[in-house]
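> Need the 3D shape of this:
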Amino acid sequence: MRISELSRRSAVPTATIKYYLREGLLPPGRATAATQAEYDESHLRRLRLVRALIGVRGLSVNATREVLGAVAEHAGERHQVLGLVLGARPVDEGTAVGTAEAAAPEPGAAEVDALIGELGWEVSEYAPARAVLGETLETLRSLGAGLDRAALRGYAELAERTAVLDLDQLDPEADPLEQAERALLRTVLMEPALLALRRLAQENESARREG
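Numbers count the residues shown, from 1 in each chain. As a prediction, the model looks like this:
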């Protein structure tokens, strides 16, 4: 397809596509003339992923380039690709290892480790969500609103069922880049909807209990 068709099918302006080409976010097309090139479905899938990383996840161009480089390195590993795109895995685990060894333990790290072990989850020790969860638990505790282990496990089990629903929406036969884009869109864009559903359910449960 010509760049105009690529623009139409991806809903990305031609000028933006040319910028992504200059920045190395999109590989060059097949040259057909001095100033013309043809693009294929792989360019379309890559362009949609770039759009999602920048427009939905909010990454910078440089960060997007790093993620795409890591995705290319792990192209045959769908689990790794999804983790990189969703931010669940660091782009460079070697750097993460060095940082983790030198840094002090994160707040709540022991509690998070214990929970993950109790649930039998397979989670990278460098997953950024570990630190977020630990810091949140510590903040709740400092404000006198800490969760006991049973309540925390209950929330974790709800999250586990949500994760099953998330991944059930992905087509296992789809191209990895297409899967990654779909997973990113559903994860980021569904988070406000999940929060809204929680609030609605809380209102309903309060009404049920209070009559």
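> Quickly note the distance from the most centrally placed residue in the chain to Leu167.
In the chain, the C-alpha closest to the average C-alpha coordinate belongs to Leu86, at a distance of 1.3 Å (C-alpha atoms, centre = their mean). Computed with C-beta to C-beta, to the nearest Å, the distance linking Leu86 and Leu167 is 11 Å. (C-beta placed from N, C-alpha, C; glycine too.)
> where do the contact lists of those two overlap?
Contact criterion C-beta atoms under 8 Å, 6 or more residues apart in numbering; residues shared by Leu86 and Leu167: Ala183.
> per-residue confidence for the residue nearest to the centre of the chain?
Reading off the confidence values, Leu86 has pLDDT 89.
> Wait, it touches Leu184, no?
Yes - Leu86 is within contact range of Leu184, at 6.1 Å (criterion: C-beta atoms under 8 Å).
> And stretch 75-84, what's buried?
Neighbour counts using 16 or more other C-beta atoms under 10 Å place 78, 80-84 of stretch 75-84 among the buried residues.
> From those, pick the one nearest Leu197.
Leu82 (23.2 Å; C-beta to C-beta).
> where does the closest one fall, helix, sheet strand or coil?
helix (DSSP: H, G, I helix; E, B strand; the rest coil).
> Not including adjacent chain positions, what is the nearest residue to it?
Ala183 (5.4 Å; C-beta to C-beta, 6 or more residues apart in numbering).
> can you check Thr14 too?
With C-beta to C-beta, 6+ apart as the measure, Ser7 is the residue that lies nearest to Thr14, at 4.6 Å, once sequence neighbours are left out.
> Contacts only, for that neighbour.
When contacts are counted by C-beta under 8 Å, 6+ apart, Ser7 is found next to 13-14, 17.
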